[in-house]
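Enquirer: The amino acid sequence is not available; the structure is as follows:
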């Protein structure tokens, strides 16, 4: 699925976020649209909900100004209905390592993270629940490695020395971890050494079609993205073959700390579950082509964490492909003392 993207502004700088990271906007960036003066007077400063994110959640893309208006209406609804106060600042950190000191000295309620970042931060912060976006009835993603059927390749070892195109979105945060584990289990080197050339693109069509047109040898993308491409281009299913497919994994999330619960958190959880019940919520879901959101215990992350643990044992360092020319613009601001 081609991600729907939105941009918003922090301290005069633009930050662009992918649809796969909508919840980060919903719980943090959105409240940046609400001036502190609009918070209920009955809410004490120490009761404000505070959220922080890593810049890995933000992906360059096109402008979608309607998101800002939908966010503001929805946020005002929460304030009016529940008198929930939320810190209007957006705290974005370049890495999870930069987030650790803030997590230790100034506890936040929610942390927007890619799955590998959550794996690292959970060593410092105790979490109990996570918020996950739902697409096609699932809150997980699977990855598929594809080649042309007429290539004669049906095993991963046959791809040595060939070219690979990879979808680059936050939903792909575990793709290279899974691929490197698969290669290691077959006694093969990491993907960046195994393939002759690895390139990335943020548009699913520019990942799958090059293989179809003999411009690349293999591609790696989400199962959902491939299914949409195949629906739009039926010839893809006839000409492409799945060489390997990952288990269902959770690529990104908002994690809520267990040792810093506030009464307002449950009210926010309920608003997230009931997005479809309000016009503003329906607009948000339509804008992001998302069915809804679920709140789950951290136990739902077990298969994802098991994969990352296996990767550390087999592979060690994560080998990422080169990024796009356009870099993410993220303002790193420290939480107030």
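Expert: Here it is on my side, so go on. The structure displayed is predicted, hence computed values, not measured ones.
Enquirer: What ranges in the stretch 101-250 of the chain fall below the confidence cut-off?
Expert: Along the stretch 101-250 of the chain, the model assigns pLDDT under 70 to residues 106.
Enquirer: which residues in it form strands?
Expert: In the stretch 101-250 of the chain, the segments counted as strands under DSSP state E, counting those that start in this stretch are 110-114, 127-134, 143-148, 163-167, 197-201, 218-222, 240-245.
Enquirer: In JSON lines, list those along with distance to residue 302.
Expert: Bear in mind the C-beta positions are built from the backbone N, C-alpha and C, glycine included. Output for the strands of the stretch 101-250 of the chain, formatted as JSON lines (distance: least, Cβ to Cβ, whole Å):
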{"stretch": "strand 110-114", "distance to residue 302": "17"}
{"stretch": "strand 127-134", "distance to residue 302": "12"}
{"stretch": "strand 143-148", "distance to residue 302": "18"}
{"stretch": "strand 163-167", "distance to residue 302": "25"}
{"stretch": "strand 197-201", "distance to residue 302": "29"}
{"stretch": "strand 218-222", "distance to residue 302": "20"}
{"stretch": "strand 240-245", "distance to residue 302": "19"}
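Enquirer: Tell me who's in contact with the nearest residue to residue 95 once chain neighbours are set aside.
Expert: Nearest residue to residue 95 in three dimensions, chain neighbours excluded: residue 54, at 6.5 Å (Cβ to Cβ, 6 or more residues apart in numbering). Going by Cβ atoms under 8 Å, 6 or more residues apart in numbering, residue 54 touches 92, 93, 94, 95, 96, 99, 112, 113, 114, 117.
Enquirer: burial count for the fourth one?
Expert: Using other Cβ atoms under 10 Å, residue 95 is surrounded by 13 other residues.
Enquirer: The third one too?
Expert: Using other Cβ under 10 Å as the criterion, residue 94 is surrounded by 13 other residues.
Enquirer: Ok, the second one next?
Expert: By the measure other Cβ under 10 Å, the count of residues near residue 93 is 24.
Enquirer: got the phi/psi numbers for the residue nearest to it when sequence neighbours are not counted?
Expert: In space, and not counting its chain neighbours, residue 93 is closest to residue 99: 4.3 Å by Cβ to Cβ, 6+ apart. As for residue 99, its main-chain torsions (degrees, to the nearest 10) stand at phi -80, psi -30.
Enquirer: Residue 99 contacts residue 51, doesn't it?
Expert: No: the criterion here is Cβ atoms under 8 Å, and residue 99 misses it with residue 51 at 11.4 Å.
Enquirer: what's the overlap in contacts for the two?
Expert: Residues touching both residue 99 and residue 51 (Cβ under 8 Å, 6+ apart): residue 111.
Enquirer: Wait, residue 144 touches residue 220, no?
Expert: Yes: if you go by Cβ under 8 Å, residue 144 and residue 220 touch, sitting 7.3 Å apart.
Enquirer: roughly how far apart are residue 174 and residue 221?
Expert: Plainly put, residue 174 is 13 Å away from residue 221 if you go by Cβ to Cβ, to the nearest Å.
Enquirer: ok, now residue 172?
Expert: As for residue 172, its distance to residue 221 is 7 Å (criterion: Cβ to Cβ).
Enquirer: Repeat that for residue 233.
Expert: Taking Cβ to Cβ as the measure, residue 233 falls 14 Å from residue 221.
Enquirer: who's more crowded, these two?
Expert: Per other Cβ under 10 Å, whichever of residue 233 and residue 221 has more neighbours is residue 221, with 24 against 16.
Enquirer: what sits against that one?
Expert: Taking Cβ under 8 Å, 6+ apart, one finds 143, 144, 146, 166, 167, 172, 204, 207, 208 in contact with residue 221.
Enquirer: For the third one, which residues are in contact?
Expert: In other words, residue 146. Counting by Cβ under 8 Å, 6+ apart, residue 146 has contacts 208, 211, 218, 219, 220, 221, 226, 240, 241, 242, 243.
Enquirer: what does the first one give?
Expert: For residue 143, the contacting residues are 172, 174, 175, 178, 179, 220, 221, 222, 223, 245, 246, 249, by Cβ under 8 Å, 6+ apart.
Enquirer: Going along the chain, name the helices of the protein.
Expert: Applying DSSP state H to the chain gives helices spanning 22-24, 66-82, 96-105, 115-121, 175-185, 191-194, 205-212, 223-232, 235-239, 263-273, 279-287, 302-314.
Enquirer: how about those, which one is nearest residue 159?
Expert: helix 191-194 (7.4 Å; Cβ to Cβ).
Enquirer: buried ones in that closest one?
Expert: Using 16 or more other Cβ atoms under 10 Å as the test for burial, helix 191-194 gives 191, 194.
Enquirer: what does stretch 153-165 give?
Expert: By 16+ other Cβ under 10 Å, the buried positions in stretch 153-165 come out as 153, 156, 159, 162, 163, 164, 165.
Enquirer: TSV for the residues you listed, including distance to residue 183?
Expert: Converted to TSV, these look like this (distance: Cβ to Cβ, whole Å):
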residue	distance to residue 183
153	15
156	7
159	10
162	13
163	16
164	11
165	17
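Enquirer: Fine, thanks again, bye for now.
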